[in-house]
Each structure stands twice: as structure tokens, then as C-alpha cells.
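>>> Sequence and computational prediction follow.
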Amino acid sequence: MDAKSKPTCHVVKPHHTYGGKQGLNYFEGIAAETVGSTGICMHILTIPPGIRAKAHLHESHETAIYVLSGEAHTWYGDRLEEHVVVHAGELFYIPAGVPHLPANLSNTPCTAIIARTDPNEQESVMLLPELDALVPR
């Protein structure tokens, strides 16, 4: 392995955001695109009050979420029949292939750190528009 292809450490300052397929804006973080990661991505997400994502799943990748502030409602399951509220200081795990729809139903922002086993943050996102109407607005 030559010096140009040798892995190295990186610091990422999450100043820039990008629009995810899920309909939310993510802060740029650790991903194949930013640091050349090959097995993980990690981003910061702030969901504004009253905003929800589109129903989706990550086909072959697990997701781990740590809520820093606020609370997030998430509907999940084949028909989004399950519901959980994740509060600041709590962790939430979503197995690969599980449909889900997160939302912030409060009057304050919800900020979370999201890690996924997909280094290409958006590649494993599969939108499920047929499920969107199952969760009331």
C-alpha cells in the first residue's frame, strides 16, 4: 500500500447540511463521501418542530440513534403499526429492512446523532410512499 492509499484519521466539522431522501436535512458527517469510510456513517440530524420524515427503510443496514435534545416519535413495522417516543439521553436501534417514519411532534427542535452500517449515507434509503398516509399529520 503506498502513502496515497494508506488510511488516515479525519476531523469533520459539521457545518454544511444536505437534503436527505427522507425529507430531512442532515449535517455533513462521517461517510464514504467525506472521509472514505467503508463500513459506517454518522451524522447529526435536527428535526424542526412539527416536521416528519417520509416513510422509508434502509435495506441492508442497521441504524443506531442517540437523541441529544428534544424527543422523536417513530412509527415502525411493516405497516408502521408500532410507535415509540425516544427522549433526550436515550438510544434507539432500527434493524436493517424495518420500515420507519420519525417525526417531531413537539414545539422544540429534536437533535440526534445517527450512525448506520452504510458508509454511503443515502444509498440504502428506500422510500415507501405507500406507507406515508398511515401516520396522521
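Happy to help now that I have it. Residues are numbered from 1 along each chain as shown.
>>> Counting neighbours, which bits of stretch 89-103 end up buried?
For stretch 89-103, burial by neighbour count (16 or more other Cβ atoms under 10 Å) applies to 92, 94, 99, 100, 101, 102, 103. C-beta coordinates here come from the backbone N, C-alpha and C atoms, glycine included.
>>> The helix or strand bottoming out on mean pLDDT in the chain packs against which elements?
Here the helix or strand of the chain ranked lowest by mean pLDDT, DSSP states H and E is strand 17-19, holding a mean of 81. Using 3 or more Cβ pairs under 8 Å, 6 or more residues apart in numbering; DSSP states H and E, the elements in contact with strand 17-19 are strand 25-30.
>>> Would you quantify the distance from the most centrally placed residue in the chain to residue 79?
Nearest to the geometric centre of the chain sits residue 114, at 5.1 Å (Cα atoms, centre = their mean). Counting by Cβ to Cβ, to the nearest Å, the gap from residue 114 to residue 79 is 24 Å.
>>> can you map out the helices along this structure?
32-35, 129-132 (DSSP state H).
>>> from the chain's centre, how far out does the first one sit?
So that's helix 32-35. Computed by Cα atoms, centre = their mean, to the nearest Å, the chain-centroid distance of helix 32-35 equals 16 Å.
>>> And that helix, what's buried?
Result for helix 32-35 [16+ other Cβ under 10 Å]: buried residues 32, 34, 35.
>>> got it, and stretch 122-130?
Judged by neighbour count using 16+ other Cβ under 10 Å, the buried positions of stretch 122-130 are 122, 123, 124, 125, 128.
>>> what's the farthest-apart pair in those residues?
Greatest spacing in the buried residues of stretch 122-130, by Cβ to Cβ: 123 and 128 (16.2 Å).
>>> Reformat the buried residues of stretch 89-103 as a markdown table; add pLDDT and distance to residue 62.
Shown next, in a markdown table, are the buried residues of stretch 89-103 (pLDDT from 0 to 100; distance: Cβ to Cβ, whole Å):
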| residue | pLDDT | distance to residue 62 |
| --- | --- | --- |
| 92 | 98 | 11 |
| 94 | 97 | 7 |
| 99 | 98 | 14 |
| 100 | 97 | 12 |
| 101 | 97 | 17 |
| 102 | 97 | 16 |
| 103 | 96 | 21 |
